[in-house]
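mind looking at a prediction? Sequence and model below.
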Amino acid sequence: MTDLLAIGTRKGLWLARSEDDRRTWRIGEPHLLAQEVAAVSIDTRRDRPRVLAGIQYGHWGPSVVRSDDLGASWEETESGAVRFPEDTGAALARVWQLRPDTADRPDVVWAGCEPHSLWRSTDGGCSFSLVRGLWDHPHRPTWEPGAGGGAVHTVLPDPGSDRVTVAMSTGGVYVSEDGASDWAPRNRGISAVFLPEPPEYGQCVHKVAVDAGDPARMYAQNHFGVYRTDDAGGSWTSIAEGLPADFGLPIAASPTTPGTAWVVPLVADMERVPPGGRLRVHRTRDAGVSWTESGEGLPDGAWTAVLRDAFCVDDGDPTGVYVGTRDGCVYASTDEGDTFTLVAEHLPDVLALRAVRLP
Amino acid sequence: MSVQVVLPGVLADLAGGAKHLDVDPAGGTLADLLDAVAARHPTLDRRIRDETGRVRRFVNVYVDGEDVRWQGGLATAVPDGAVVQVLPSVAGG
């Protein structure tokens, strides 16, 4: 059994492997060096795992590249895997999310991009089609860019239905129940501190994760506020009680243990550092009713931040938890966040982490 | 009609390793020239222009030494025998 951890950074991609059930990691040479890798996925539904990376060639624009040999070689669709149709008048600015769909939809991959857009591939990520239902939504002209840009950064296809949930900054949560044709905002209860009244949409939801036990139960880390929904976004209630701060970027849920999720609190939007400089995760075992600080092995004196996709879990047992920081450190936990070990340091800013178990 | 396109080394791989391309565009503008380049080397074209056809923000294109931003942009005339240079601007970090 090999565990593979993909580390997308501001200046390249690294792949780390563990052959001893995630206790120790060996990090390889850089891939795509000097390219920004803001999105990465490892698609294990194929005969050979496919690494997809959303990259930014600096001066030369964004693109999606893929590797079927774990980084030994990379391919790029000549005309561009994500390419706005001419009638939109838009140009791809950045790929924020690459999300393989479920095992029974083996060639479907979703991409969330900037400007705010959702894309669907039916050929494993070689080419994507713009999801017109969301692009043509009458709200779209009023979705404003957050500090990092205006993008769909979270895509959550439901394994058991045609529901697709996306989150965007700003814009908030939108849900389609018909396989991504029609979309409606689902932000009731989520705050927007930068607007005078809580709106129907326009929130700056930073990340959303789905509970292991119920696909209608989701957790959201908002631009101030941590929330849970039990009805697929119909309404959201605060679960921030017990956290040292309700600001942060990522949120992750265990893929196997219902009610278990993690956040990484930061002080505030204008103070994006861990409280007291102590980098820690906070875990709930009861769907947000209570939170426990954990993270032995994570540093003190850490005046850094963890970005929304620089935090992930794997599907191991117990769940592995991975933390990447803006100062280029990566930590792994094999005990659901109780303790962490250092996987890598002195990398560029970590933008995206994904971990999988390979057979 | 023959126009020489000069590429920076970082883009040469996308043109089969060539830093100089001899191109025969269908028309006499920069857009025509880049369309001809795109037909042969679509990935190279995506590095120079986005999908709306605009030259990327940090890519500079010179026609016979003149920055097209201060000429006609994509409508800049590219005469027979011209040398068109593609350069990355100063940016990054």
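That came in fine, so what should we check first? Keep in mind that this is a model prediction, so the values were computed, not measured.

what about the helices in the chain?
Picking chain A for this. Per DSSP state H, chain A carries helices over the ranges A:132-135.

that answer is for a different chain, and I need it for chain B
For chain B, the helices defined by DSSP H occupy B:9-12, B:30-40, B:42-48.

quick one: the worst-scoring helix or strand of chain B on mean pLDDT to chain centroid distance?
Across the helices and strands of chain B, mean confidence by mean pLDDT, DSSP states H and E is lowest for helix B:9-12: a mean of 94. Remark: helix B:9-12 is offset 12 Å from the chain centroid, using Cα atoms, centre = their mean, to the nearest Å.

closest one to B:A82 among the helices of chain B?
helix B:30-40 (8.4 Å; Cβ to Cβ). Heads up, the C-betas are built off the backbone N, CA and C, glycines and all.

what does chain B put close to chain A?
With Cβ under 8 Å from any Cβ of the partner chain as the criterion, chain B meets chain A at residues B:10-11, B:42-43, B:46-48, B:50-52, B:54, B:56, B:58-59, B:88-89, B:91-92.

at 7 Å instead, please
Counting by Cβ under 7 Å from any Cβ of the partner chain, the residues of chain B close to chain A are B:42-43, B:46-47, B:50-52, B:56, B:58-59, B:88-89, B:91-92.

returning to what we had before: contacts for the least confident helix or strand of chain B?
If you take Cβ atoms under 7 Å, 6 or more residues apart in numbering or on different chains as the criterion, helix B:9-12 is touched by B:A18, B:K19, B:L44, B:R47, B:V86.

just name the most buried of the helices of chain B.
helix B:42-48 (a mean of 21; mean count of other Cβ atoms under 10 Å in any protein chain shown).

what helices or strands is it leaning on?
Packed against helix B:42-48 by the contact rule (3 or more Cβ pairs under 7 Å, 6 or more residues apart in numbering or on different chains; DSSP states H and E) you find helix B:30-40.

what about the helix it packs on, distance to the chain center?
Per Cα atoms, centre = their mean, the displacement of helix B:30-40 from the mean C-alpha position of its chain is 8 Å.

also stretch A:302-314?
10 Å.

below-threshold pLDDT in the stretch 151-300 of chain A: ranges please.
Counting by pLDDT under 70, the stretch 151-300 of chain A shows no low-confidence range.

got it, and chain B?
B:91-93.

could you find the closest non-adjacent residue to the one residue sitting closest to the centre of chain A?
The centre of chain A sits closest to A:D309, judged by Cα atoms, centre = their mean, with a distance of 3.9 Å. Take A:D309 and drop its neighbours on the chain: the residue closest to it by Cβ to Cβ, 6 or more residues apart in numbering or on different chains is A:A352, 4.3 Å away.
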